[in-house]
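Enquirer: Okay, sequence plus prediction incoming.
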Amino acid sequence: MKKSKNMFKYIVILAIILIVAFICIFIFRGGLNREEAITDLNKYQEVIGVKANNKYKDKWGMSEEIFPKSVKDLDVKDFKMVYLDAWDNQYLSYLVVDYSKDEYENEVERLNKYGIEDYIGYYGVTGFTNYKLLAMESDSYQGFVYAITDNRRIIYVEMIFCNYFMDIKYNEHIPNEYLPDNFDATINNSYRKKFIK
């Protein structure tokens, strides 16, 4: 009898240790992290590009060369970078810049050299209706980095994630018109269902 009481006691202690360990791991891995939104343009190079701080630097191997290296002297109308570490790092950024005629032509030329990778069909995307696509880096798993334009305004966007869905509530952070047509990276998206059974 005494032996079974001791055994029960050890099982309870072990269960408590496991629960506490799970909670610590959950918190450490970012389970309780909130989306971190940065709109301060002075922090642009800290979160975008090769000079970015550590947690913003390696975005699942996706290149940010489409984005300008610097925003100094640019007529920036809007900027936002959202970061979330919910087990896996995820990123959503957009930068809206108005250019003079000459600056615009130079930037369009730079972006055209970058090119447009295949992207149609990824996450339900069918193209762009509201803007002309200038450059696109795409990955069927990791997401998109692209630039779109209308009337000397260029909008640079990145949506980088994994596991075929985005934990970031992107519809709350980016104007819908900047997204590709029919883009769906919510957890129950049909594109993900093809790969996760």
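Expert: Ah, there it is. Numbers count the residues shown, from 1 in each chain.
Enquirer: what's the helix or strand for the closest residue to Tyr119 other than its chain neighbours?
Expert: Spatial nearest neighbour of Tyr119, excluding adjacent residues (Cβ to Cβ, 6 or more residues apart in numbering): Ser138 at 3.8 Å. From N, CA and C alone the C-beta is placed, and that goes for glycine too. Per DSSP states H and E, Ser138 falls inside strand 132-139.
Enquirer: Surely Glu65 and Leu111 touch.
Expert: No. Counting by Cβ atoms under 8 Å, Glu65 does not reach Leu111; the two are 9.7 Å apart.
Enquirer: picking up where we left off before, across the sheet, point out what pairs with the residue nearest to Tyr119.
Expert: Judged by DSSP bridges, the bridge partners of Ser138 are Phe144.
Enquirer: Might you report the residue contacts of it?
Expert: Neighbour list for Ser138: 117-119, 122, 144-146 [criterion: Cβ atoms under 8 Å, 6 or more residues apart in numbering].
Enquirer: try it again with 10 Å
Expert: 62, 116-120, 122-123, 125, 144-146, 180 (Cβ atoms under 10 Å, 6 or more residues apart in numbering).
Enquirer: do Asn188 as well
Expert: Here Asn188 is in contact with Phe165 (Cβ under 10 Å, 6+ apart).
Enquirer: re the thing from before, can I get the buried part of the contacts of Ser138 as one ChimeraX selection?
Expert: Those of the contacts of Ser138 that count as buried under 16 or more other Cβ atoms under 10 Å are selected in ChimeraX with:
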select :62,119,122,123,125,144,145,146,180
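Enquirer: ok so, going back, how far away is the residue nearest to Tyr119 from Asn151?
Expert: 25 Å (Cβ to Cβ, to the nearest Å).
Enquirer: in the protein, which segments are predicted with low confidence?
Expert: 1-8, 10, 12-15, 18-33, 197 (pLDDT under 70).
Enquirer: The closest residue to Asp181 other than its chain neighbours: how many residues sit nearby?
Expert: Nearest residue to Asp181 in three dimensions, chain neighbours excluded: Thr126, at 4.7 Å (Cβ to Cβ, 6+ apart). Per other Cβ atoms under 10 Å, the neighbour tally for Thr126 reads 12.
Enquirer: That's all I had, so thanks and see you.
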